[in-house]
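**Q** here is a sequence with its predicted model. Questions after.
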Amino acid sequence: MQRLWSRKSLAARVALASAFFGLLITGSAIVIGFSALSQQLNERSADELMGKRDLLLHVLSEIPSPEAIDQNRHRFGDLLIGHDDLHLALIDPTNGQMVTSFSKIAQQSVSALREKTDDAKTTYDWTAPTGEKLTAARGIGLVRNGLPVRYYLSMDRRHDSELLAGFIKATWVGLPILLLAVGLGAWLIARTSLTPLRRFNH
């Protein structure tokens, strides 16, 4: 009886050890996968934001002067219409006054990014007071008469956040099932492997 219990105990220990090892391997894979997915989403968002910035600079270059921007809001249609995740504010850098903005979040971006520098190659992450996670670009564009206008262009990252949250949710649902399958499979293999020993003892 003691030997039989030992064999069962050994099979159980093998199953537990396999499940624990599976947890380590799977956990590491999940962390790596989450990190890689997050990095890819960040790079994609930065590339998309830079593309929108280039379009913005082109639109600005066709507007006669900073004073004419507000009367030419329709010129920003290709940039903003149909893109509720984009938020744009334009500032006169000579006096810091708002030239125009296209959303409340755009207005909030001015104060949120006030301490950042005008860098055409850098994006900044910030969080709106209402909780939205955004990536922004800040820089200087020139209108047709050569005068500068500072832009604050922000992109809402809620879709990326939802995708990452879905990844985590799917992981939490699937991980216990996977570990159970690994442990059960290891227990069956160990139990089968111990069959010759059981026959020998009989």
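**A** Structure's in. What do you need? Numbering: from 1, shown residues only.

**Q** this protein: strands as residue ranges?
**A** With DSSP state E as the definition, the chain shows strands at residue ranges 86-92, 97-101, 123-127, 133-142, 148-156.

**Q** and these: which comes nearest His58?
**A** With CB to CB, the closest approach to His58 among the strands of the chain belongs to strand 133-142: 9.1 Å. All C-beta spots, glycine's among them, are computed from the backbone N, C-alpha and C.

**Q** which elements pack onto the closest one?
**A** Under the contact criterion of 3 or more CB pairs under 8 Å, 6 or more residues apart in numbering; DSSP states H and E, strand 133-142 touches helix 2-61, helix 104-112, strand 123-127, strand 148-156.

**Q** dump the ones you listed into TSV; add mean pLDDT as well.
**A** Supplementary listing: these in TSV, determined by pLDDT from 0 to 100:
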stretch	mean pLDDT
helix 2-61	78
helix 104-112	94
strand 123-127	92
strand 148-156	95
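
**Q** just send these back as TSV, with distance to Ile69 and mean neighbour count too.
**A** What follows is the helices and strands packed on strand 133-142, written out as TSV (distance: least, CB to CB, whole Å; neighbours: other CB atoms under 10 Å):
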stretch	distance to Ile69	mean neighbour count
helix 2-61	8	14
helix 104-112	14	18
strand 123-127	23	16
strand 148-156	7	22
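
**Q** okay, the residue nearest to Ile91 when sequence neighbours are not counted and Ala112: tell me how far apart.
**A** Leaving aside its sequence neighbours, Ile91 sits nearest to Arg150 (CB to CB, 6 or more residues apart in numbering; 4.3 Å). Distance from Arg150 to Ala112, counting by CB to CB, to the nearest Å: 14 Å.

**Q** go on, Pro93?
**A** Applying CB to CB, one obtains 17 Å for the distance of Pro93 from Ala112.

**Q** repeat for Ser35
**A** From Ser35 over to Ala112 the distance is 26 Å, taken as CB to CB.

**Q** try Asp125
**A** As for Asp125, its distance to Ala112 is 10 Å (criterion: CB to CB).

**Q** so what sits against both of those two?
**A** Shared between the contact lists of Asp125 and Ala112 (criterion: CB atoms under 8 Å, 6 or more residues apart in numbering) are residues Ala136.

**Q** list the contacts of the closest residue to Leu55 other than its chain neighbours.
**A** For Leu55, the nearest residue in space outside its immediate sequence neighbours is Leu79; the separation is 5.3 Å by CB to CB, 6+ apart. Residues counted as contacts of Leu79 (CB under 8 Å, 6+ apart) are Lys52, Leu55, Leu56, Val59, Leu86, Leu88.

**Q** pull the most distant pair out of those residues.
**A** Within those (distances taken as CB to CB), the two that end up farthest apart are Val59 and Leu86, at 12.9 Å.

**Q** that older thread, out of the helices and strands packed on strand 133-142, nearest to Ile140?
**A** With CB to CB as the criterion, Ile140 lies closest to strand 148-156 of the helices and strands packed on strand 133-142, at 4.9 Å.
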